[in-house]
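Novice: Need a 3D model of the following:
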Amino acid sequence: MPSCENGHEQGLWLKCQVCGSTVCFMDATEQFASLPKVEPDYGKASILYVGVPPARDVKGYRLVVSSGDAPKRTKDEYVLTNMKGGTWHDYYSRNGADLSRWLKVVAFGKSQLKLLFVDTTSPLAVLAIASLPPEGQTAVVATFADPESTPMEKNTSYVAISAAVKHGLPVLAVPQSLVRQSTIVEGNGSALVQEDAVSLAVGGLLRQMDGLMDFLERDRHIGVLFHLLSPVLSGSLQIYGTASNVFSAQSYLLPREAKPEDASTFYSLVSCSRDLGGEFERGFSKFRNRRMKATLAAEFKFEEEGTSPQSFDLFAIYGFSEPNILQGQLQEGYSTVSKRAPVLDAGSVA
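Specialist: Have a look, this model is predicted:
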């Protein structure tokens, strides 16, 4: 507010209504130009979904990238126009700059934690990974091609994961074979299969996002960016017997090229009743000391869940200094396609 020569605050008057002195409007111009500081709340976590159904009942900012008959841009949805026969390179080269701008506009990179959940066999996968903002605390959860996938799918998957690692993004990978075999029975007796089951599983993983990002960021500092995720969901010790047996069983879910003893790091996130927490921690240590003594880092994190006394969700995370799985299941299909169409080489991604 402007004041008079004697310091009395005034309205739009030429003379002070208190003492009659001149009102100094010029002295108040700096106050008029000062705007209030804007401090928006970007939320703790932003999650971007590409080619997979969004996880259910998960808090955080949810964004979806997909393709359809007509383009669409909203605060939480980015739809590209379908390209007939479009490859990952078509979508990447034509939409990369625009998707990057949209992610900036919706402030995806401003949240503390950022996660991309993507089917890397989708032609949109490379586009999404390459468009992620460079801010830290970002990770990629990726389903990837397996021996039953086509060479085109293997090529796309190989390039997408390679692009993530090239950009320094931690990758948490799940083979498509595990997706096809996934079945989860919910508490109400209904069954979820394949992508819906994996979506529910990722929802459980995201509820432990702090622990997950702690693991992945720690590995990033020691050059371990590629990880394999091996989950056991809605499990029961009435079936497995002991927690140590659970860790042994889930290790067989890994692709044959990935051996636990070759892993550089090993982590586990477990949701169960408090009574089971200690048993799983002991089972984790027993399995690690028996199979994985050479790991650079290993840690167990427990989250108490109001589940039945014997049920649990377990996520085992194996970190590899070299993503050998790429040279195994994906390399041949990738090379077959890239030799026929050089534009589909991983080197085409900036």
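Novice: which residues does residue 311 contact?
Specialist: Each residue near residue 311 by Cβ atoms under 8 Å, 6 or more residues apart in numbering is listed here: 234, 235, 236, 272, 273. (C-beta placed from N, C-alpha, C; glycine too.)
Novice: before we move on, what about residue 150?
Specialist: residue 333.
Novice: State the pLDDT value of it.
Specialist: pLDDT recorded at residue 150 is 95.
Novice: Would it be right to say that residue 154 lies in a helix?
Specialist: Yes. Counting by DSSP: H, G, I helix; E, B strand; the rest coil, one finds residue 154 located in a helix.
Novice: before we move on, back to that, narrow the contacts of residue 311 to those that are buried.
Specialist: 234, 235, 272 (16 or more other Cβ atoms under 10 Å).
Novice: Sitting in strands, which of these do you find?
Specialist: Among those, DSSP state E puts 234, 235, 272 in strands.
Novice: which one of the contacts of residue 311 is nearest residue 222?
Specialist: residue 272 (29.2 Å; Cβ to Cβ).
Novice: and the gap between that closest one and residue 251?
Specialist: Residue 272 sits 19 Å away from residue 251, going by Cβ to Cβ, to the nearest Å.
Novice: quick one, what contacts residue 101?
Specialist: So residue 101 contacts nothing (Cβ under 8 Å, 6+ apart).
Novice: What pLDDT does the model give it?
Specialist: On the pLDDT scale, residue 101 gets 94.
Novice: three-state assignment of it?
Specialist: helix.
Novice: Next one: it from residue 95, what distance?
Specialist: From residue 101 to residue 95 the distance is 10 Å (Cβ to Cβ).
Novice: Low-confidence regions, the stretch 201-350 of the chain specifically.
Specialist: Along the stretch 201-350 of the chain, segments meeting pLDDT under 70 span 201, 306-307.
Novice: tell me the strands in it, going along the chain?
Specialist: Secondary structure of the stretch 201-350 of the chain (DSSP state E, counting those that start in this stretch): strands at 226-236, 265-272, 297-304, 311-320.
Novice: could these go into TSV alongside distance to residue 205?
Specialist: Formatted as TSV, the strands of the stretch 201-350 of the chain follow (distance: least, Cβ to Cβ, whole Å):
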stretch	distance to residue 205
strand 226-236	8
strand 265-272	7
strand 297-304	11
strand 311-320	6
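Novice: of the ones you listed, which approaches residue 178 most closely?
Specialist: Between those, strand 226-236 lies closest to residue 178; by Cβ to Cβ that is 8.1 Å.
Novice: Can you point out the buried residues in that closest one?
Specialist: The neighbour-count check on strand 226-236 (16+ other Cβ under 10 Å) flags 226, 227, 228, 229, 230, 231, 232, 233, 234, 235 as buried.
Novice: which residues touch the third one?
Specialist: So that's residue 228. Residue 228 makes contacts with 172, 173, 174, 254, 255, 258, 317, 318, 320, 325, as judged by Cβ under 8 Å, 6+ apart.
Novice: Pull the number of nearby residues for residue 265.
Specialist: Using other Cβ atoms under 10 Å, residue 265 is surrounded by 22 other residues.
Novice: Touching, it and residue 219? I think so.
Specialist: Yes. The pair residue 265 / residue 219 is scored as a contact, 5.4 Å apart, by Cβ atoms under 8 Å.
Novice: intersection of neighbour lists for the two?
Specialist: Common neighbours of residue 265 and residue 219 (Cβ under 8 Å, 6+ apart) are 227, 297, 319.
Novice: can you pull out the strands in the stretch 51-200 of the chain?
Specialist: Ranges of strands in the stretch 51-200 of the chain, per DSSP E, counting those that start in this stretch, are 61-68, 72-73, 77-81, 113-119, 138-144, 171-175, 183-185, 191-193.
Novice: how about the ones you listed in TSV, adding distance to residue 17 and mean pLDDT?
Specialist: As requested, the strands of the stretch 51-200 of the chain are exported to TSV (distance: least, Cβ to Cβ, whole Å; pLDDT from 0 to 100):
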stretch	distance to residue 17	mean pLDDT
strand 61-68	51	93
strand 72-73	53	94
strand 77-81	56	96
strand 113-119	55	92
strand 138-144	59	92
strand 171-175	69	90
strand 183-185	74	47
strand 191-193	73	43
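Novice: Kindly reformat the ones you listed as TSV containing distance to residue 7 and mean neighbour count.
Specialist: Below are these laid out as TSV (distance: least, Cβ to Cβ, whole Å; neighbours: other Cβ atoms under 10 Å):
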stretch	distance to residue 7	mean neighbour count
strand 61-68	48	18
strand 72-73	53	12
strand 77-81	55	18
strand 113-119	50	25
strand 138-144	53	27
strand 171-175	63	24
strand 183-185	71	14
strand 191-193	71	14
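Novice: Turn those into TSV, including distance to residue 19.
Specialist: Formatted as TSV, the strands of the stretch 51-200 of the chain follow (distance: least, Cβ to Cβ, whole Å):
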stretch	distance to residue 19
strand 61-68	55
strand 72-73	58
strand 77-81	61
strand 113-119	58
strand 138-144	61
strand 171-175	71
strand 183-185	78
strand 191-193	78
